[in-house]
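Trainee: give me the fold of what follows.
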Amino acid sequence: HAMGDSPYQAYSAFAGNPLLVSLERLRDRGLLADDDLEPVPEFDAHATDYEAVESYKTPLLRTAFERFADDDVDAGDREAFEAFCERESHWLDGYALFMALKEEFDMRLWTEWPRELKTREEDALAEYRDRLADEVRYREFVQFVFDRQWSALAEYAHDRGIGLVGDLPIYVALDSADVWSAPEAFLLDGENEPTAVAGVPPNPGDAGQRWGNPLYDWDRLRETGYGWWLDRLRRLFDLVDVTRLDHFKGFDEFWAIPADADDPAAGEWRDAPGYDFFETVQGEFGDLPFVAEDLGFIDQRLIDFREEFDLPGMKVPHYADWCRAGDPNQPMHYPENAVAYSATHDTNTTVGFYREMDDEQRDCLQYNLGTDGEEIHWDVIEAVWNSNAVLALAPMQDLLGLDSHARFNTPGTESGNWSWRVTREGFADDVADHLAMLTDMSVR
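Mentor: Next up, the predicted model:
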């Protein structure tokens, strides 16, 4: 994890977050002892303090690695580790060296590393890979245990008929192993610095957004058969069953802001080879288990693009005008080829949203859903579940009827995001029973 602990600014589009590794499972495999885990800090049950988690977990992951490196480890485990490193080497080699170098240079942005590393001179890479061999190995080990634990979780879910939905942030962070180890996939200059960065143009009423992520060199990617992207998708499909494509529009056309400009308005639209790209992906993987995040700039061009590949778009009741008959964001009007969410990670919770509505909209919502709003979260979930949308989703915050305090992320703000935690008590039988009843009644 990196900037503001956002999953949209990760150190790698391929690697798992080390903080998700279960220490208990490492203990069960004999790599940690009960005593190692004590004392467990007093973590806040409702909010994640990433720094506190990191300072508790990292030394223990290193202890587990040291034990793993000792000779008395199960030979099968060692073989499984070697096999993993070989199978995933196309991203793991670059990631493990990148993280080892970040550690070496006090976590500085890689564009501030010595020039021969920044521009990836072969001799320098070989020298550091040798010098930091133990740290590189540690990073590979953490990814190995993440992968093994994730696979066990996925298998547990699949055995119970449950699929996993993943998310694909369209852009990666500048400070990532991705950009450093595959500079040819991005729009960078001779010094490997971005020439243009991502964002969205101004809309009536806002100044646009400058996200600052590097942009893809789509021409170069097209010439190489989109190898980097196919690798990324292959890794993702190893981990999840269905993937939401963040900022789907960016695969067709994208807003490019000159790297030296602060104002999003200084950007321009550029075309991406979306049709050719998805045809290539289809050729490689067959069916496309994607959900297209097509919120925001919806124009005919985007609709045609999405429909060409028969991808469901996203529908969220928060964007409805409840007083307008036939509004396409009202659940009763969702098409079948859509994925409906009661709320998303970027919106308020349903209860928070309802409390902030103006009176007229609130009245129209109550009228449309035939409710007094006492349990608005269930009313909205029920409307979404009863819609024609092929998939229906609700965040945990909505199942529990939580207000704005439980909001996951407020786009465009830096602090206080991504920290909400559900408690064990949140998984209450009455909530599960109500959800099961709705799911039964709506034949989902």
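
Trainee: can you tell me the element residue 85 falls in?
Mentor: helix 75-87 (DSSP states H and E).

Trainee: and the contacts of that helix?
Mentor: Contacting residues not belonging to helix 75-87 are listed as 29, 68, 92, 140, 141, 143, 144, 147, 148 [CB atoms under 8 Å, 6 or more residues apart in numbering]. For every residue, glycine as well, the C-beta is placed using N, CA and C.

Trainee: wait, which of these is closest to residue 306?
Mentor: residue 147 (32.1 Å; CB to CB).

Trainee: counting neighbours, which bits of stretch 56-76 end up buried?
Mentor: Under the neighbour-count criterion of 16 or more other CB atoms under 10 Å, stretch 56-76 has 56, 57, 60, 61, 63, 64, 65, 67, 68 buried.

Trainee: tell me where the stretch 201-350 of the chain has strands.
Mentor: In the stretch 201-350 of the chain, the strands defined using DSSP state E, counting those that start in this stretch lie at 209-214, 242-245, 253-258, 268-271, 290-292, 313-315, 338-341.

Trainee: save those as JSON lines, and put in mean pLDDT too.
Mentor: Listed next are these as JSON lines, based on pLDDT from 0 to 100:
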{"stretch": "strand 209-214", "mean pLDDT": "93"}
{"stretch": "strand 242-245", "mean pLDDT": "97"}
{"stretch": "strand 253-258", "mean pLDDT": "97"}
{"stretch": "strand 268-271", "mean pLDDT": "97"}
{"stretch": "strand 290-292", "mean pLDDT": "97"}
{"stretch": "strand 313-315", "mean pLDDT": "97"}
{"stretch": "strand 338-341", "mean pLDDT": "98"}
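
Trainee: give the buried residues for the helix of greatest length in the chain.
Mentor: Looking across the chain with DSSP state H, the single longest helix is helix 133-159. The neighbour-count check on helix 133-159 (16+ other CB under 10 Å) flags 135-150, 154 as buried.

Trainee: what's the angle from the helix holding residue 85 to helix 133-159?
Mentor: Interaxial angle of helix 75-87 relative to helix 133-159 (axes from the mean of the first three to the mean of the last three CA atoms, to 10 degrees): 100 degrees.

Trainee: right, and the helix or strand after helix 75-87?
Mentor: Counting by DSSP H and E, what follows helix 75-87 is helix 89-104.

Trainee: that next one vs helix 75-87, what angle?
Mentor: Going by the same axes, to 10 degrees, helix 89-104 makes 100 degrees with helix 75-87.

Trainee: not counting whatever helix or strand comes next after helix 89-104 itself, show me its contacts.
Mentor: As assigned by DSSP H and E, the chain's next helix or strand after helix 89-104 is helix 115-118. With contacts defined as CB under 8 Å, 6+ apart, helix 115-118 is touched by 101, 110, 111, 112, 123, 124, 125, 128, 191, 192.

Trainee: looking at these, which is nearest residue 379?
Mentor: residue 110 (49.1 Å).

Trainee: the closest one reaches residue 102, doesn't it?
Mentor: Yes: look at residue 110 against residue 102 with CB atoms under 8 Å: they come within range, at 7.3 Å.

Trainee: skipping its backbone neighbours, what lies nearest the residue most central in space within the chain in space?
Mentor: The C-alpha lying nearest the average C-alpha coordinate of the chain belongs to residue 167 (CA atoms, centre = their mean; 4.4 Å). In space, and not counting its chain neighbours, residue 167 is closest to residue 244: 5.0 Å by CB to CB, 6 or more residues apart in numbering.

Trainee: could you give the bridge partners of that neighbour?
Mentor: Judged by DSSP bridges, the bridge partners of residue 244 are residue 167, residue 291.

Trainee: not counting sequence-adjacent ones, nearest residue to residue 323?
Mentor: Closest to residue 323 by CB to CB, 6+ apart is residue 364, at 4.0 Å.

Trainee: setting aside sequence neighbours, what's the nearest residue to residue 411?
Mentor: Residue 411 sits nearest to residue 346 (CB to CB, 6+ apart), 5.3 Å away.

Trainee: my guess is that neighbour contacts residue 409. True?
Mentor: Yes: with contact defined as CB under 8 Å, residue 346 reaches residue 409; the gap is 5.6 Å.

Trainee: just put the buried residues of stretch 56-76 in JSON lines and tack on pLDDT and secondary structure.
Mentor: Conversion of the buried residues of stretch 56-76 to JSON lines gives the following (pLDDT from 0 to 100; DSSP: H, G, I helix; E, B strand; the rest coil):
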{"residue": "56", "pLDDT": "98", "secondary structure": "helix"}
{"residue": "57", "pLDDT": "98", "secondary structure": "helix"}
{"residue": "60", "pLDDT": "98", "secondary structure": "helix"}
{"residue": "61", "pLDDT": "98", "secondary structure": "helix"}
{"residue": "63", "pLDDT": "97", "secondary structure": "helix"}
{"residue": "64", "pLDDT": "96", "secondary structure": "helix"}
{"residue": "65", "pLDDT": "96", "secondary structure": "helix"}
{"residue": "67", "pLDDT": "94", "secondary structure": "helix"}
{"residue": "68", "pLDDT": "94", "secondary structure": "helix"}
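
Trainee: what about the residue nearest to residue 323, distance to residue 370?
Mentor: 12 Å (CB to CB, to the nearest Å).
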